[in-house]
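> Show me how the following folds:
(one chain, ligands or ions: 1)
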Amino acid sequence: MSVTVAATPPGLDARTLRRDFPALSQKVHGRQLVYLDNAASSQTPRPVIDALVRYYEHDRSNVHRGVHELSQRATDKYESARIRLQRFLNASQPEEIVWTKGATESINLVASSWGRTHVGAGDDVIVSAMEHHSNIVPWQILCQDRGANLRVIPMNEAGELQLDRLDGLLSPRARIVAVTQVSNALGTVNPVREIAARAHAAGAVCLVDGAQAAPHMPVDVQDLGCDFFALSGHKMCGPTGIGALFARRALLEEMPPYQSGGDMISSVSFEKTEYNELPYKFEAGTPMIAGAIGMGAAVDYLQSIGMDRIASYESELLLYAVERLDAIQGLRPIGTARSRAGVVSFEIESIHPADLGTILDRQGIALRVGHHCAEPVMRFYGVSATTRASLAFYNTRADFDALADAIEIAKEIFA
Ligand code: PMP
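Residues are numbered from 1 along each chain as shown. Here you go, the predicted model:
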């Protein structure tokens, strides 16, 4: 295991932490990699890689089924990872954490299981104007199936939700408000605590898409007061193919299964099936065992640094990034909310984002160009795509200096 805890001085030493991430030290096209695509997927630190290797080399077997030593070990690690994630999110019990393959599956689980039993003809499902497609499409499909209406909290030009419009949307027919805590396209941080309180006051429940929040700030689901919270492991130093849904126990108790088969049952006959206890009722089939174990290691790793320290380091770095990029002539920022995290999105006059992305890649800079699975946001700003640089705690000011210099080179090429 890495000894990041002891090695990290007060404040956050990104240069030391970078050494925990083997992928960051490589060269790309002969240039030192500058990795600014963290909103798509973060890099993996050594302790997470080690936990995966250890499982595959030592404990590899199925969970919850075997009495043999390897299966016991795998089960212990799988369940211990759940407890660590429960504490990371400050959920009140491990049964409130369901392993999924990512935020997308977590939201689909809620739309399909909770939605099927709580949303009927004429009901309203409320999302926001800045949602990722994975927090739009599952609700759209649900609304089509049930004859319900999808309502949208609008946003202003800065990319901030117009919450004065929320009460108007929260009619007695409102069943759920599903909103992102941090926009992956704009970086806007939404006041989800307030949104959850207002949803509850109107008799609705609240789902928070935490995919872009959990990697960047402390999350306390009890303090947020949300009913559901979705996250993806691969955006927070964990393996790919693993994520989680937090859901309040009372809701999980009464929700029907999402998928069915092995492990989610306590008894099966051709006449009748009894479902397993929580959270296994929602974990049909062999789960992503290695992924969950790796996720436990990722949570330990993040906590060894401290989410408070990560948040304050990153917000200072984001300020620097914004300042550095705003100074570039011909750069139009997309999303200028007062409260932002993790992301700077922009376009450069007369350079198509796809061309810019290619030129930046040749200079070793990895970032994302496209619609970021948020086409309604692109439409709002009248663009088909943006260039998005997204940071993690292992990025430094030098990464944004390199980005700014590379953009100037691109501008010369296209001049
Ligand atoms: N919501 C947000 C805000 C996201 O940024 C993403 C990933 N880009 C998702 C949901 C979906 O996450 P995943 O692809 O890991 O399921």
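> Please state the backbone phi and psi of Asp209?
Here is the backbone geometry of Asp209 (degrees, to the nearest 10): phi -80, psi 100.
> what's it in contact with, if anything?
103, 107, 131-132, 134-135, 178-181, 230 (Cβ atoms under 8 Å, 6 or more residues apart in numbering). All C-beta spots, glycine's among them, are computed from the backbone N, C-alpha and C.
> make it 10 Å
103-104, 106-107, 127-128, 131-132, 134-135, 178-184, 190, 192, 228-232 (Cβ atoms under 10 Å, 6 or more residues apart in numbering).
> before we move on, which element is the spatially closest residue to Phe400 that is not a sequence neighbour in?
Spatial nearest neighbour of Phe400, chain neighbours left out: Ala321 (4.5 Å); criterion: Cβ to Cβ, 6 or more residues apart in numbering. Per DSSP states H and E, Ala321 falls inside helix 307-326.
> Buried residues in that helix, which are they?
307, 310-311, 313-315, 317-318, 321-322, 324-325 (16 or more other Cβ atoms under 10 Å).
> Could you check how far stretch 297-315 is from the centre of its chain?
On the basis of Cα atoms, centre = their mean, to the nearest Å, stretch 297-315 sits 15 Å off its chain's mean C-alpha point.
> Next, see if it gets close to the ligand.
No: contact between stretch 297-315 and the ligand is absent, the nearest approach being 13.7 Å (criterion: Cβ under 6 Å from any ligand atom).
> Straight-line length of that stretch, end to end?
Start to finish, the residues bounding stretch 297-315 are 25 Å apart (Cα to Cα, to the nearest Å).
> Quick one: mean pLDDT for it?
Looking at stretch 297-315 alone, the average pLDDT works out to 98.
> What of stretch 99-113?
On average, stretch 99-113 scores 98.
> how many neighbours does the nearest residue to Leu109 once chain neighbours are set aside have?
Spatial nearest neighbour of Leu109, chain neighbours left out: Tyr258 (4.5 Å); criterion: Cβ to Cβ, 6+ apart. By other Cβ atoms under 10 Å, 23 other residues sit near Tyr258.
> Please name the residues that touch Tyr258.
98, 100, 105-106, 108-114, 116, 245, 264, 281-284 are the contacts of Tyr258 under Cβ under 10 Å, 6+ apart.
> Kindly recompute the last result at 7 Å.
If you count contacts by Cβ atoms under 7 Å, 6 or more residues apart in numbering, Tyr258 has them with 109, 112-113, 282.
> Is Leu231 part of a helix or strand, or is it coil?
strand (DSSP: H, G, I helix; E, B strand; the rest coil).
> Dig out what it forms beta bridges with.
With DSSP bridges applied, Leu231 shows beta-bridge pairing to Ala244.
> For it, list the residues it contacts.
Taking Cβ under 7 Å, 6+ apart, one finds 103, 210-211, 214, 243-244 in contact with Leu231.
> One more pass at 10 Å, please.
Counted by Cβ under 10 Å, 6+ apart, Leu231 has contacts 85, 88-89, 100, 102-103, 106, 181, 208-215, 219, 238, 242-246, 295.
> now Ala284
Contacts of Ala284 (Cβ under 10 Å, 6+ apart): 257-265, 276.
> Using ChimeraX, define a selection of the buried residues within those.
Selecting the buried subset of the contacts of Ala284 in ChimeraX, with 16+ other Cβ under 10 Å as the burial test, is done by:
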select :257,258,263,264,265,276
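> List just the nearest of the contacts of Ala284 to the ligand.
Tyr258 (14.9 Å; Cβ to the nearest ligand atom).
> most distant residue from the middle of this protein?
Distance from the centre of the chain peaks at Glu271, with 40.5 Å (Cα atoms, centre = their mean).
> Quick check: buried residues in stretch 173-187?
173-187.
> between those residues, which is closest to the ligand?
Asn184 (3.1 Å).
> I figured Tyr320 was touching Asp401, is that so?
Yes: between Tyr320 and Asp401 a contact is recorded at 9.2 Å, counting by Cβ atoms under 10 Å.
> Phi, psi for Met155 please.
phi -130, psi 160.
> Contacts only, for it.
Counted by Cβ under 10 Å, 6+ apart, Met155 has contacts 128-130, 161-163, 165, 183, 186, 188, 190, 335, 337, 376-377, 380.
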